[in-house]
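Undergrad: generate a structure from the sequence data that follows.
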Amino acid sequence: MSHAVHVEKADITNATLVEGTNGPLPEGGARLRIESFSVTANNVTYAVVGDGFGYWNFFPAPDGKGIVPMWGHATVVEDNGSGLTVGERVYGYLPMASHLDIIPGKVSASGFVDTAEHRQPMSPIYNQYSRLAADPEHDPAREGERMIFGPLFKTGFLIEYFMRSEGWFGAETVILTSASSKTAMGLASVAKQLSPGVKRIGLTSAGNVDFVTHTGLYDQVVAYDAVDTLEQTASVSVDFAGNAKLLASIHAHLGDNLKYSCLVGATHIEERGAGGMGGPEGMAGPKPVLFFAPDHAVALFKELGPEEAGKRLAKAWHGFLADVGNTVTIERHHGLAAARDQFATMAGGTIDPSVGIVIEP
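TA: Modelled structure (predicted):
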């Protein structure tokens, strides 16, 4: 018996727990029992842009419905000649469900890819899984942090790498919206480590100013209603909020001082408005450019090679954990019904930055 959470694509706050059966495994297949995954704003973004970016295609569901992808841990419970070992644990891209059937390929001591045909059109980054017994990133004491921060941190790392490789477009300041979000915190931490000469300004809601200040990741923290107090210096903006009005106000205030406008995700879903994540037409300053992390990840590994890229990521990751170690409390919930409820709450716009949600199905 298996269970999954089906989300209405037309209204992602509407999610239902459904029951199914586990059929026979194909030759070369393996069955994973999902142990744990995190629910973050990142997962909400997967659902918001699911059709446009193919996120609904990883774990198929009936018409009009979708299964939201998660990052987490699983155990191999059945094998049909895949090369994996029953009982071993893996980490990677999982459905909001109790089980996942995969067809492992390129199996090595440290990992494998799911070669299931329907997953091949999507970015290879999402099809890679780590075998925890030989995974250098795995720390049994930090599994919660890896699920909550790992994918988001890597996006932050890739944004910093991109900005630095472009000389920060000549900017002295980086402005991060939704500064309490985990991806923004990742970028701020990596920039603090590797681009200390660039001033980091975090924009956040009035209620989150204290939390964001307490992280120590930003040189300055500004509430959303005080955008007009931002200093007129050469700046780049990285928009994690997806709030069209906010983005337009940053563009209007900075004008020609805004050298590059980067869009990442959407944490303020209800305020994206008709202009979508790019904000309204005819904004002042540069045209916003969407940052698609999987493409940048492929480019990074190609440019540096897997070993060097892995080393740099690991070093920055440990620095990030040292930065944020005590800022977030991990809250564990049991059962997929809890996953459904937590996701629906976040999709409705309620996100507590001081809490990291882990689900154990």
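
Undergrad: which strands border the one helix or strand residue 129 maps to, and is each parallel or antiparallel?
TA: With secondary structure defined by DSSP states H and E, residue 129 is part of strand 128-131. According to DSSP bridges, strand 128-131 forms sheet pairs with strand 89-95 (antiparallel), strand 111-114 (antiparallel).

Undergrad: with just CA atoms, put the helix or strand bottoming out on mean pLDDT in the chain into PDB.
TA: Each helix and strand of the chain was given a mean pLDDT (mean pLDDT, DSSP states H and E); the minimum falls on helix 50-53 at a mean of 77. Taking C-alpha atoms only, helix 50-53 is exported to PDB below (Å, rounded to 0.1, in the frame of the first residue of the first chain):
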ATOM      1  CA  GLY A  50       5.200  23.600 -12.200                       C
ATOM      2  CA  ASP A  51       3.800  23.600 -15.700                       C
ATOM      3  CA  GLY A  52       6.200  26.100 -17.100                       C
ATOM      4  CA  PHE A  53       9.300  24.300 -15.800                       C
END
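
Undergrad: show me the contacts for residue 28.
TA: Applying C-beta atoms under 8 Å, 6 or more residues apart in numbering, we find residue 28 in contact with 80-82, 103-104. The way it works is simple: take the backbone N, C-alpha and C, and place the C-beta from them, glycine included.

Undergrad: looking at the protein, which helix is longest?
TA: Ranked by number of residues, the top helix in the chain under DSSP state H is helix 143-165.

Undergrad: quick one, that one and strand 89-95 angle?
TA: With axes from the mean of the first three to the mean of the last three C-alpha atoms, to 10 degrees defining the directions, helix 143-165 sits at 70 degrees from strand 89-95.

Undergrad: check which residues of helix 143-165 are buried.
TA: Across helix 143-165, burial judged by 16 or more other C-beta atoms under 10 Å covers 143-163.

Undergrad: which other helices and strands contact it?
TA: Contacts defined by 3 or more C-beta pairs under 8 Å, 6 or more residues apart in numbering; DSSP states H and E place helix 143-165 against strand 30-39, strand 69-79, helix 182-194, strand 258-263, helix 293-304, helix 306-324, strand 329-334, strand 355-360.

Undergrad: what's the first helix or strand after it?
TA: Downstream of helix 143-165, the first helix or strand assigned by DSSP H and E is strand 173-176.

Undergrad: got the CA coordinates for that next one in PDB?
TA: Presented in PDB, the C-alpha positions along strand 173-176 are these (Å, rounded to 0.1, in the frame of the first residue of the first chain):
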ATOM      1  CA  THR A 173      25.600  46.500  -3.100                       C
ATOM      2  CA  VAL A 174      23.400  43.400  -3.500                       C
ATOM      3  CA  ILE A 175      19.800  43.800  -2.400                       C
ATOM      4  CA  LEU A 176      18.000  40.600  -1.500                       C
END
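
Undergrad: so where is the stretch 151-300 of the chain shaky, pLDDT-wise?
TA: 265-282 (pLDDT under 70).

Undergrad: which residues sit in contact with the closest residue to residue 89 other than its chain neighbours?
TA: The spatial neighbour of residue 89 that comes closest, neighbours along the chain excluded (C-beta to C-beta, 6 or more residues apart in numbering), is residue 132 at 4.5 Å. By C-beta under 8 Å, 6+ apart, the residues touching residue 132 are 73, 88-91, 138.

Undergrad: what pLDDT does residue 132 get?
TA: For residue 132, the pLDDT comes out at 94.

Undergrad: equivalent analysis for residue 104, please.
TA: At residue 104, the model reports a pLDDT of 97.

Undergrad: so it touches residue 30, yeah?
TA: Yes - at 5.8 Å, residue 104 counts as touching residue 30 under the criterion of C-beta atoms under 8 Å.

Undergrad: shared neighbours, these two?
TA: Overlap between the contact sets of residue 104 and residue 30, as judged by C-beta under 8 Å, 6+ apart, is given by 82, 84.

Undergrad: those two - which one has more neighbours?
TA: Taking other C-beta atoms under 10 Å, residue 104 and residue 30 do not tie; residue 30 has more neighbours (27 against 23).

Undergrad: mind checking how far the closest residue in space to the more buried one that isn't next to it in sequence is from residue 28?
TA: Nearest non-adjacent residue to residue 30, counting by C-beta to C-beta, 6+ apart: residue 82, 4.1 Å away. To residue 28, residue 82 is 6 Å away according to C-beta to C-beta, to the nearest Å.

Undergrad: for residue 348, same thing?
TA: 41 Å.

Undergrad: what do you get for residue 20?
TA: The gap separating residue 20 from residue 28 is 22 Å, by C-beta to C-beta.

Undergrad: what does residue 234 give?
TA: According to C-beta to C-beta, residue 234 stands 55 Å off from residue 28.

Undergrad: and for residue 131?
TA: For residue 131, the distance to residue 28 equals 17 Å [C-beta to C-beta].

Undergrad: what's the answer for residue 232, then?
TA: According to C-beta to C-beta, residue 232 and residue 28 sit 60 Å apart.

Undergrad: many thanks, have a good one.
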